[in-house]
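[1] Kindly generate the corresponding structure for this input.
(one chain, ligands or ions: 2)
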Amino acid sequence: MKYSASSFGDFRCAHCHNLVPSSHIVSGVNNRNHCPYCLWSFHFDLFAAGDRLSACKGQMKPIGLTMKRGRNKYRLESGGELMLIHQCIECGTLSINRLAADDHPDSVMDVFIQSLSLCHSLRDRCAREEITLLTRREMEIVSIQLFGHYEELPAFA
Ligand SMILES: [Zn+2]
Ligand SMILES: [Zn+2]
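    Ligands and ions are numbered 1, 2, ... in the order given. I've put the predicted structure just below:
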């Protein structure tokens with residue numbers, strides 16, 4: 001596969017141009033597929049995470065956060081696992097990806113803040129695909145998961 005070479009060596013993120021060491025790619029999670037600095041990804045997978053079957057290869061933008069559903073799918077649990085929602089800027093496909101231990105929490109928080117003003121069409125799209133975007137109400141949960149504590153952000157105080 002043409003693209004696997006870059007998956008095993010250090011590479012420069014095509015979006016933020018930071019050098020991402022290969023150790024970051026294999027650390028912590030299976031199928032590490034996004035940059036730990038800007039959290040952008042690539043549209044590699046078609047049917048399942050890691051299958052690398054997509055022909056698209058477009059850049060995937062982190063557009064928001066969701067939470068892995070626990071037993072009670074109608075309730076967001078504070079102990080649930082935060083997940084990144086990516087959207088391909090070429091074809092519009094949405095995908096959900098696990099955060100990695102070395103993802104920068106500030107970047108994750110930035111994605112979350114930006115997602116609070118996501119346009120309606122994208123919100124509807126998420127809803128149709130049964131992806132529950134985290135909202136301002138989940139600010140405390142997100143903050144505690146990322147930073148271990150919650151401080152009201154100045155913009156929301
Ligand atoms: Zn990057
Ligand atoms: Zn795509």
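[2] Name the residues of the protein found near ligand 2, please.
    Listed as neighbours of ligand 2 in the chain under the rule CB under 5 Å from the ion: 43, 56, 58, 88, 90, 91, 93. Any C-beta I mention is one placed from the backbone N, CA and C, and that applies to glycine too.
[3] Longest strand in this structure, by number of residues?
    The longest strand of the chain (DSSP state E) is strand 59-67.
[4] elements contacting that strand?
    Applying 3 or more CB pairs under 8 Å, 6 or more residues apart in numbering; DSSP states H and E, one finds that strand 59-67 contacts strand 41-42, strand 82-88, helix 105-115.
[5] Mind checking the ones you listed for the one nearest to residue 126?
    strand 82-88 (6.9 Å; CB to CB).
[6] Could you list the residues of the protein in contact with ligand 1?
    13, 15, 16, 35, 37, 38.
[7] dump the residue contacts of the closest residue to the last one other than its chain neighbours.
    Using CB to CB, 6 or more residues apart in numbering and skipping the chain neighbours, the partner closest in space to residue 38 is residue 16 (3.8 Å). When contacts are counted by CB atoms under 8 Å, 6 or more residues apart in numbering, residue 16 touches 35, 37, 38, 40.
[8] Okay, helices next: where are they in this protein?
    Using DSSP state H, the helices of the chain run over 4-8, 22-26, 105-115, 120-128, 139-147.
[9] count of residues packed around residue 14?
    12 (other CB atoms under 10 Å).
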